[in-house]
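Enquirer: Sequence and predicted structure below; questions after.
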Amino acid sequence: MSSAIMASDHPSENGAEGDDEREEDGDEEEEEEPRLKYQRLGGNVPSLLSTGAASSIAIAERMVALGTHDGTVHILDFQGNQVKKFAAHTAAINDLCFDVEGEYIGSCSDDGSVVINGLFSEERLKFEYHRPTKTIALDPDYSRKSSRRFVAGGLAGQLFLNTKNWLGYNKQVLHDGEGSIHAAKWRTSLIAWANDAGVKVYDMANSQCITFIERARGSPCPELLLPHLVWQDDTILVIGWGTSVMVAAIRTNPPHRASGIQKNMSVSNTKYVDIVASFQTNYRISGIAPYGDALVILAYIPEEHNGEKKFNSTIPSCLGTAQRPEVHIVTWKNEELATEALPVHGYEHYKAKDYVLVHAPFAGSSYAGGQWAAGDEPLYYIISPKDVVIARPRDAEDHISWLLQHGWHEKALAAVEAGQGRTELLDEVGSRYLDHLIVVRKYAEAASLCPKLLRGSASAWERWVFHFAHLRQLPVLVPYMPTENPRLRDTVYEVALVALATNPSFHQLLLSTIKSWPATLYSTSAVISAIEPQLNTSSMTDSLKEALAELYIMGTQNEKAFSLYSDLMKPEIFDFVEKHSLHDAIHDKVVQLMILDSKRAVSLLIQHRDMVSPSEVVGQLLHARQKCDTRFFLHLYLHSLFDIDSEVGKEFHDLQVELYADYEPQMLLPFLHSSHHYKLEKAYEICVRKDLLREQAFILARMGNAKRALAVYINKLEDMVEAVDYVSAQHDDDLWEELVKHCLRKPEMVGMLLEHTVGNLDPLYIVGMVPSGLEIPRLRDHLVKIITNYRTETSLRHGCNDILKADCINLLIKYYKEARHAIYLGSIEEETRGKRVNEASAPTIERATNKRMLVVKSRTRGNGRCCLCFDPFSIQHVNVVVFFCCHAYHVPCLQAGSDSVGSASQSDDDNDDDGGSRMRCLLCTTASG
């Protein structure tokens, strides 16, 4: 059961007690949301009821009529403000009724009178019946028709129909003889009334009573529990009497026997009644009204007797023992939809007939599934002697408010997001939801909802950021803070970052936040100032260092950032150095760079060895405190340095010998060959310690101890090829004898010596030195190979000599043919033809002529004269031909001479394979002929 708390300007007379009664046990089922909301009618009503008591009420489309026990009719607006009042009666008003237009109000009273007042005129009619009148019903068209009809009845037991005619009002008795008339309702042409026997419906159109519905058996007498009639529409009549509810449907043509209880006394040919619903309640009915396709019932709960509520007693309730009245919303099948208790002032002292429930006229066409369109919902007025309560269906905003009151903030938020209620509610619901989550310490959930609830409000965001900071829970909100739309103040972002920096568990979040937030959002110097004091403390973590490095970069403090990156061993430090040209900053970071990536570090250090000297690098690596193989890093560096420039790190070549021996022995011998800056004795000791034999032999040879070097090749390496190569390179005959002596000590070496000294040492000499009787393994095979090799070598030599002779002959023939060819030298006139002859060019031509004469004289034997005409070449300006034999001729002279000797040289020309020029030196050709 849900209890509704109504708004009122006055405190409840039984507030404390009511609150106690509304307390619910924690073990009860979840409270259901009420269907209606309640509000006490304000305005002048509280002051009116403070001195009087309400007895009846009627509702029109534009006003409310309230009747009191002192006989006054108060006309109110819907806010409770009094518009008019009529001192109509001298006793309590039992019933009020408006016409449809709301222009007339009729009232009846225990003083036996009926009064009809015009609301917009001075018209006033009063009718005396001399017995207490309990009900009145105006013709709905009272203001529009001249007949001015109404019905009234009471304790006289007669229902009077009053009609105006030209003589005055005519009083007609519609019904009598069945006890007092307790209620009457007029709708269109139908009048329904209730007497002691039951309910009757009269059709004014046919002037016939169309039905009689008997009072339920066992129900209390009407004096204790009044019957309640209400027309739901033009054809549906709802009856509530005692604990019984019936719904009657007015049917027309032809009669149709529907299921249900039907009792007709006089059935019209055109209309009849079906009881379409009927059920019993476990409470007494103090009022009934339609609610869409359901019913609203005002329930009176009598006193409890032996733990059970008495409903059928005909004895009046004892004063001060009644329960709080309840509003029940039920279907026509008595299915309970909602039950809501009303904290009415002084309810303990009231009887069932002290309450009245009426509803305002409404269309009800928008009702669907318990929801109403705005402005189309019904209004219910519930009165008790000291209260007037307005009940109306709850709308979406009421639903949301109820959810919030009961702590269902998530459902309230979902309702707002679904479009229920005003958009402005989202801010209120969101704020209350966040407050609730904070109270129950669900900080992470509250933070995750902030983007949806706070949206684009910068002020709201800032308020909640500082609130989370006050609660020391700001780190959970930081991931959701906006960086644009809206953009917050710089201080807000700085507070968030500092909050993350103070707690080591959030340092990783700080790093990701700094990387994701634009640097323009906050002052990097402020955040740096908050973080720097934590350096070299226990709270400093790698993530905080990296975050600080990122801040340094944003503030262009790249050297500080590099220092942190090197401590963090970040792989991107090499790109960072190149990007920002921080080569000067790597002086004291050699070891860290080597540990991080030795290959890139070596390349970087060698590339910038002018900034970081080799001695500085070697010194840092030799004295490194880190637990790493710094000697290996040193070897990599010195090896790469030696490959680039063998003279730069020459002072470390002694150390390099040891490093090669430890890490790359195969590279030591080439290094020994290339370097001349190491100590031979120390290098030799290292090679002996490491058992590096070839290196020992090389160092011994460089030290001048050739015999010991040879002994290493022979005795330790047993490599005859290397021994022979070594001896051959020394060009020392004594060393050859030493080699032979060493080999004679090992018979197996003699054969190898014979095989590998061919071309260097006479094998017969070696054989002659072999002692008699010395057994040499595989001597025959070695001798056969020597002889075979000798024959092969001899054959190769003969072939080479033949090839050499043939090449010499071919080259001589080619030389001879080339010598017979002439060289054509153009005349000076041809060289200067086409040039402009002027004073400026004359010296140039003269110089060219002199130069040409010098060339001709240097190439000819005739001192610059033709060998036929003996004229100097400078006299005749004609072309000159010079032969390889240094004889020179004028071209005309040579052509004339060639004709005379043409027959003699014809045979030679025919044998000229080159197909070249047929010109021949006349002197040489004649001499050869």
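Expert: Great, that's in hand. Note that the coordinates shown come from a computational prediction; the quantities given were computed from them, not determined experimentally.

Enquirer: Mind telling me what element Ala391 is part of?
Expert: Using DSSP states H and E, Ala391 maps to strand 387-393.

Enquirer: Quick one: mean pLDDT for that strand?
Expert: Strand 387-393 shows a mean pLDDT of 91.

Enquirer: Past that strand, which element shows up next along the chain?
Expert: helix 396-405.

Enquirer: so what does that next one touch, helix or strand wise?
Expert: The helices and strands touching helix 396-405, judged by 3 or more CB pairs under 8 Å, 6 or more residues apart in numbering; DSSP states H and E, are helix 409-417, helix 425-439. Glycine gets a C-beta too; all of them are placed from N, C-alpha and C.

Enquirer: ok, residues contacting whatever helix or strand comes next after the last one?
Expert: Scanning the chain past helix 425-439 towards its C-terminal end, the next helix or strand to appear is helix 443-454 (assignment: DSSP H and E). Outside helix 443-454, the residues within contact range by CB atoms under 8 Å, 6 or more residues apart in numbering are 413, 426-427, 429-431, 433-434, 437-438, 460-461, 464, 468, 471, 473, 476-477, 479-480, 482.

Enquirer: Check stretch 106-117 too.
Expert: 56, 65, 67, 71, 73, 86, 88-98, 104-105, 123-138, 150, 152, 154.

Enquirer: Now do that stretch, average pLDDT.
Expert: Mean predicted confidence for stretch 106-117 is 95.

Enquirer: again, but for stretch 274-291
Expert: 92.

Enquirer: Distance across it, terminal residue to terminal residue?
Expert: Stretch 274-291 has an end-to-end distance of 20 Å (CA to CA, to the nearest Å).

Enquirer: same question, stretch 32-50
Expert: End-to-end distance of stretch 32-50: 34 Å, with CA to CA as the criterion.

Enquirer: So for it, what gets flagged as buried?
Expert: For stretch 32-50, a neighbour-count test (16 or more other CB atoms under 10 Å) marks 34-38, 40-46, 48-49 as buried.

Enquirer: again, but for stretch 378-388
Expert: Neighbour-count burial for stretch 378-388, counted by 16+ other CB under 10 Å, picks out 378-388.

Enquirer: same check, this time on stretch 225-235
Expert: Of all the residues in stretch 225-235, those buried under the rule 16+ other CB under 10 Å are 225-232, 235.

Enquirer: Any regions of the stretch 651-800 of the chain where pLDDT drops low?
Expert: Residue ranges of the stretch 651-800 of the chain with pLDDT under 70: 733, 744, 747-776, 778-783.

Enquirer: one step back: which strands and helices lie in contact with the strand holding Ala391?
Expert: For strand 387-393, the elements it packs on are strand 36-40, helix 45-51, strand 54-59, strand 380-384, judged by 3+ CB pairs under 8 Å, 6+ apart.

Enquirer: Tell me where the model's unsure across the stretch 401-550 of the chain.
Expert: Applying pLDDT under 70 to the stretch 401-550 of the chain flags the ranges 420-423.

Enquirer: please redo it, this time with the cut-off set to 80
Expert: Where the stretch 401-550 of the chain drops to pLDDT under 80, the residues are 417-425.

Enquirer: can you map out the strands along the stretch 801-929 of the chain?
Expert: Secondary structure of the stretch 801-929 of the chain (DSSP state E, counting those that start in this stretch): strands at 822-825, 880-883, 888-890.

Enquirer: pretty sure Glu178 contacts Asn195?
Expert: Yes. If you go by CB atoms under 8 Å, Glu178 and Asn195 touch, sitting 4.6 Å apart.

Enquirer: Could you tell me which residues touch both of these two?
Expert: Gly157.

Enquirer: which one of these two has more residues nearby?
Expert: Between Glu178 and Asn195, counted using other CB atoms under 10 Å, the more crowded position is Asn195 (24 against 15).

Enquirer: Return the member of the buried residues of stretch 32-50 nearest to Met569.
Expert: Taking CB to CB as the measure, Met569 lies nearest Pro34 of those, at 67.1 Å.

Enquirer: Quick check on the contacts of helix 443-454: which are buried?
Expert: When these are checked for burial by 16+ other CB under 10 Å, the buried set is 413, 426, 429-430, 433-434, 437-438, 460-461, 464, 468, 473, 476-477.

Enquirer: can you pull the pLDDT of Trp332?
Expert: 93.

Enquirer: Equivalent analysis for Val856, please.
Expert: So Val856 comes in at 49 (pLDDT).

Enquirer: And the contacts of stretch 505-522?
Expert: 475, 478-479, 483, 487-488, 490, 493-494, 496-497, 499-501, 541, 543-544, 546-547, 550-551, 554.

Enquirer: Show the buried residues in these.
Expert: Buried members of the contacts of stretch 505-522, scored by 16+ other CB under 10 Å, are 475, 478, 488, 493-494, 496-497, 499-501, 541, 543-544, 546-547, 550-551, 554.

Enquirer: mind listing which of those are in helices?
Expert: Among the buried ones among the contacts of stretch 505-522, the members found in helices (DSSP state H) are 475, 493-494, 496-497, 499-501, 543-544, 546-547, 550-551, 554.

Enquirer: Of these, just say which sits nearest to Asp293.
Expert: Of these, the one sitting nearest to Asp293 (CB to CB) turns out to be Pro475, at 55.0 Å.

Enquirer: show me the contacts for that closest one.
Expert: Listed by CB under 8 Å, 6+ apart, the contact set of Pro475 reads 499-500, 503, 506, 509.

Enquirer: Quick check: the farthest pair among those?
Expert: Maximum distance among the contacts of Pro475 (CB to CB): 10.2 Å, for Ala499 and Leu509.

Enquirer: shared neighbours of these two, anything?
Expert: Taking CB under 8 Å, 6+ apart as the criterion, Ala499 and Leu509 both touch 475, 478.

Enquirer: Could you export the helices and strands packed on helix 396-405 as JSON lines, including distance to Glu532?
Expert: As requested, the helices and strands packed on helix 396-405 are arranged in JSON lines below (distance: least, CB to CB, whole Å):
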{"stretch": "helix 409-417", "distance to Glu532": "43"}
{"stretch": "helix 425-439", "distance to Glu532": "33"}
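
Enquirer: burial measure for Met569, as a count.
Expert: Met569 has 13 nearby residues by other CB under 10 Å.

Enquirer: Hmm, Gln592 and it touching each other?
Expert: Yes. Checked against CB under 8 Å, the pair Met569 and Gln592 is within contact range at 6.6 Å.

Enquirer: Pull the distance from stretch 198-206 to the chain's centre.
Expert: Relative to its parent chain, stretch 198-206 has a centroid offset of 73 Å by CA atoms, centre = their mean, to the nearest Å.

Enquirer: Next up, the contacts around Ser50.
Expert: Residues counted as contacts of Ser50 (CB under 8 Å, 6+ apart): none.

Enquirer: picking up where we left off before, return the closest of the buried residues of stretch 32-50 with respect to Asn705.
Expert: Taking CB to CB as the measure, Asn705 lies nearest Pro34 of the buried residues of stretch 32-50, at 115.6 Å.
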